[in-house]
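Asks: Got a predicted model here, sequence first, then my questions.
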Amino acid sequence: MKLIILAAGKGKRMGESSNHTPKPILKYKGKTLIHHKFEQLPSSIDEIIITIGHLGEKVIDALGHSYDNSKNGGAIIPITYIEQKELLGSGHSLWQAKEAIGNSPFLVLMGDDLYSKQDLEEMIALNIQNPQSWIALVEPQKDHIPYGKCVLDEEGYLIDFRNDPNKEILRNLMYTGACLLTPDVFTLPLIKISETEYGLPHTFVQEVRHKLPSTGKLNIHVVSTTYWKRVTTPEDLVE
C-alpha cells in the first residue's frame, strides 16, 4: 500500500519557526515530525509519496529518497516527492499526487500530526476485508467541538462534518487528518472550504451523496484512535 503524506503547507500558527523550517521537519523529542511518523509505519507500506511546497527542498534534504522500515518488519521504502505549486489546501495537495498513486487503495496522513502504528494497521486491516472501503481516523474529544464535528449515521458510518455550536450532535468526534481511500475519490469534485483552500475531508465525504463509477455508493468507516498528537502551535512541540 502507498502512503501519501501531505506536507506542503506553511504552518502559519507555528510562528517564526515555520519561516525557515517546514512544519513537518520541526523537531519533537529530538526527531522530526515526519520521522516520528516513519517509525509507526505498518510493514505493508511499500512506497511513500510526499507532497511538498513551502521550503520543500529542506524536506527532501532532511528525509532523502528512501526509508529503512526493517525495524517494523518492512523493507527499504522509496520516497517520491511531488510539488504543490499553489498552496490550496489538503484536497488540492492530494490531487497533485493523483498520477503517482495508481489504481490501488492508499493511506493519507498529515505531515505534522503524529499517529500510532496500531491505528494505521487497523485501518489497513479493515480495507483488506473490503478493498473498496474508505476509512477515516477519528478521536473522541473531552471538550466540546464547535466546528467541523464528525457526524455518523445510526450504523456508525461517517456521513458529514458539521458545525455544532449548540451541542446538538451527541458524539463528540474530531477527524484526525488520517484516512484510507481508493482512487475513486478522484472522480469527485474538489470542495472549496474557503477562498484559497480545497478541503480533503469535505471532498471525500461527498461519497455518501454520489455514486462512484466503479463501485456505487459506499459507506465511510471510522476507526477511533489509540493515540493522536495534534501539532498546531509551538507549544505542541514542548516535551
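Replies: That came through fine. Numbers count the residues shown, from 1 in each chain.
Asks: these two touch, right, residue 173 and residue 144?
Replies: No. Between residue 173 and residue 144 there is no contact under CB atoms under 8 Å: 11.7 Å. Every residue, glycine included, has its C-beta placed from N, CA and C.
Asks: More neighbours: these two, which one.
Replies: When residue 173 and residue 144 are compared for neighbours, residue 173 comes out ahead with 22 against 12, by other CB atoms under 10 Å.
Asks: Excluding covalently adjacent residues, which one is nearest to that one?
Replies: Leaving aside its chain neighbours, residue 173 sits nearest to residue 150 (3.9 Å; criterion: CB to CB, 6 or more residues apart in numbering).
Asks: That neighbour: neighbour count?
Replies: Residue 150 has 26 nearby residues by other CB under 10 Å.
Asks: now do the one 5 residues further on
Replies: Taking other CB under 10 Å as the neighbour definition, residue 155 ends up with a count of 7.
Asks: and it, what pLDDT?
Replies: pLDDT, residue 155: 87.
Asks: That one is in contact with residue 222, isn't it?
Replies: No. With contact defined as CB under 8 Å, residue 155 does not reach residue 222; the gap is 10.8 Å.
Asks: what residues are up against the residue nearest to residue 173?
Replies: Applying CB atoms under 8 Å, 6 or more residues apart in numbering, we find residue 150 in contact with 136, 138, 158, 160, 161, 171, 173, 174, 175, 222.
Asks: Mind giving me the packing neighbours of the helix or strand harbouring the last one?
Replies: Per DSSP states H and E, residue 222 falls inside strand 220-224. Applying 3 or more CB pairs under 8 Å, 6 or more residues apart in numbering; DSSP states H and E, one finds that strand 220-224 contacts helix 117-129, strand 134-140, strand 158-162.
Asks: what packs against the second one?
Replies: Meaning strand 134-140. Checking 3+ CB pairs under 8 Å, 6+ apart, strand 134-140 ends up next to helix 117-129, strand 173-181, strand 220-224.
Asks: For residue 219, see how far away the residue nearest to residue 103 when sequence neighbours are not counted is.
Replies: Closest residue in space to residue 103, ignoring its immediate chain neighbours: residue 183 at 5.7 Å, by CB to CB, 6+ apart. To residue 219, residue 183 is 18 Å away according to CB to CB, to the nearest Å.
Asks: And for residue 142?
Replies: According to CB to CB, residue 142 and residue 219 sit 27 Å apart.
Asks: out of these two, which sits in the more crowded spot?
Replies: Higher neighbour count among residue 142 and residue 219: residue 219, with 17 against 5, using other CB under 10 Å.
Asks: Show the contacting residues for the residue nearest to residue 32 when sequence neighbours are not counted.
Replies: Using CB to CB, 6+ apart and skipping residues adjacent in sequence, the residue nearest residue 32 is residue 25, 4.3 Å away. Applying CB under 8 Å, 6+ apart to residue 25 gives the contacts 32, 33, 34, 58, 59, 62, 63.
Asks: do residue 201 as well
Replies: If a contact means CB under 8 Å, 6+ apart, then residue 201 has 90, 136, 161, 175, 177, 179 as its contacts.
Asks: hmm, 7 Å instead?
Replies: The contact partners of residue 201, by CB atoms under 7 Å, 6 or more residues apart in numbering, come to 161, 175.
Asks: distance of residue 153 from residue 239?
Replies: 40 Å.
Asks: One more: residue 9?
Replies: Counting by CB to CB, the gap from residue 9 to residue 239 is 23 Å.
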